[in-house]
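> sequence plus the predicted model coming up.
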Amino acid sequence: MKGAHTMLGVGIRGTGQVAVQHVKAIEANGKAEVVAICGRSVEHASRFAATYAPNAKVYVHYEDMLSDERVSIVSECMPNYLHASEGILALEAGKHLMLEKPAGINFEETRLLSLAAQASDRKTVVSFVLRWHPMVRNIKRMLDNGAFGRVYYAEADYWHGISPKFNSYPWIRKKEFAGGAMITGGSHAVDILRYLHGEIREVHAYAVGTRDDFDYPTTYVAALQFSDGSVGKTSVSLDGLHSPYQFNIDLLGTKGLCRDNRFYASDLFPHQDGWMQFSCGTPNSGSVAHHPFKEEFDNLVDAILEDVPVLCTVEDGCRSMDVVHAINRSVVEGKPVEVE
């Protein structure tokens with residue numbers, strides 16, 4: 001569709017806080033509009049439409065929304081356990097797909113989603129939103145220009161104490177709906193390591209939990225070996241109810257290092273005698289209102305209309321989930337696991 005300037009119709013699947021942010025991103029784009037809403041109930045969908053998309057048609061059944069020819073893009077914002085199955089249905093219906101992370105809560109459904117994306121000619125994006133964050137994009141640019149030399153250690157952590165006030169609290173604390181801590185939160189950390197440093201070959205992980213209100217372990221740590229032989233670590237914790245949200249990125253290289261928005265780069269700045277800092281903020285907020293959904297959706301629309309690359313396609317997002325599933329398997333088996 002290169003060179004076309006068609007208004008793209010979007011069908012929103014889900015009516016939670018993430019769906020609200022998706023609508024705002026769509027409205028800000030200028031080349032797309034919300035034409036359909038489908039939630040867990042017609043009552044939820046009707047209230048959502050009246051507030052955020054009054055011109056959208058409300059659907060009772062997801063399959064009926066997929067049959068609407070005005071819907072070119074499906075925005076999938078349902079709980080984790082529905083992402084893969086409903087994403088597959090959207091692709092099979094010939095829709096472009098904006099899929100909330102995670103891209104599947106077990107290895108088998110992730111594999112089926114990846115196969116469906118490979119078989120489709122539709123454009124896809126997975127909301128590993130940190131890839132679009134200004135700090136991450138600055139780090140990526142410095143890495144691409146060799147600012148830190150050869151990176152031999154890479155680390156990322158997702159620490160987010162999920163309180164009962166959290167919008168997703170009723171379902172996110174149940175493994176059957178969320179998939180677990182590494183899937184629902186830690187996948188962000190795993191994905192950013194793959195994006196910044198490359199593929200992960202092997203993991204060895206441990207887990208512990210301190211919360212009675214979750215039915216799965218809520219803190220994980222994993223040692224990592226990357227395909228280039230370098231090493232690293234990732235962790236997730238949903239336990240810190242009395243601590244602020246924290247997303248950490250550490251990269252150690254032969255010519256410098258990076259700690260979140262601070263860095264040393266000896267070749268670029270040979271007289272540097274202290275930390276230098278990016279002027280942009282850090283991604284240390286768990287609020288979805290602070291996530292770069294606009295940049296993500298703009299990327300998808302540009303891919304549809306101008307055939308530009310997408311920062312995180314479904315296939316790419318599924319590869320991050322393969323690492324996550326290997327970490328979960330390592331915890332269960334108590335030994336290192338190779339990433340499939």
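Looks like it came in fine.
> so the spatially closest residue to E155 that is not a sequence neighbour, which of the three states?
Nearest non-adjacent residue to E155, counting by CB to CB, 6 or more residues apart in numbering: D250, 4.2 Å away. Backbone N, C-alpha and C define where each C-beta goes, glycine included. Following DSSP: H, G, I helix; E, B strand; the rest coil, D250 is assigned to strand.
> can I see the domain layout of the chain?
The chain breaks down into these domains under automatic domain parsing: 8-130+293-312, 133-286+321-338.
> just say which of those is most tucked in.
Comparing the domains of the chain by mean neighbour count (mean count of other CB atoms under 10 Å), domain 8-130+293-312 ranks first with a mean of 21.
> just the CA atoms of stretch 81-100, as PDB, please.
Coordinates of the C-alpha atoms in stretch 81-100 are reproduced here as PDB (Å, rounded to 0.1, in the frame of the first residue of the first chain):
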ATOM      1  CA  TYR A  81      -4.300 -15.800  28.100                       C
ATOM      2  CA  LEU A  82      -6.400 -14.600  25.100                       C
ATOM      3  CA  HIS A  83      -3.600 -12.800  23.300                       C
ATOM      4  CA  ALA A  84      -2.300 -15.700  21.200                       C
ATOM      5  CA  SER A  85      -5.600 -17.300  20.300                       C
ATOM      6  CA  GLU A  86      -7.400 -14.000  19.400                       C
ATOM      7  CA  GLY A  87      -4.300 -12.800  17.600                       C
ATOM      8  CA  ILE A  88      -4.400 -15.900  15.400                       C
ATOM      9  CA  LEU A  89      -8.000 -15.300  14.600                       C
ATOM     10  CA  ALA A  90      -7.300 -11.700  13.600                       C
ATOM     11  CA  LEU A  91      -4.500 -12.800  11.200                       C
ATOM     12  CA  GLU A  92      -6.700 -15.600   9.800                       C
ATOM     13  CA  ALA A  93      -9.400 -13.000   9.100                       C
ATOM     14  CA  GLY A  94      -6.900 -10.900   7.100                       C
ATOM     15  CA  LYS A  95      -6.400  -8.100   9.700                       C
ATOM     16  CA  HIS A  96      -3.300  -6.200  10.600                       C
ATOM     17  CA  LEU A  97      -2.600  -6.700  14.300                       C
ATOM     18  CA  MET A  98      -1.500  -4.600  17.200                       C
ATOM     19  CA  LEU A  99      -1.000  -7.200  19.900                       C
ATOM     20  CA  GLU A 100      -0.500  -6.500  23.600                       C
END
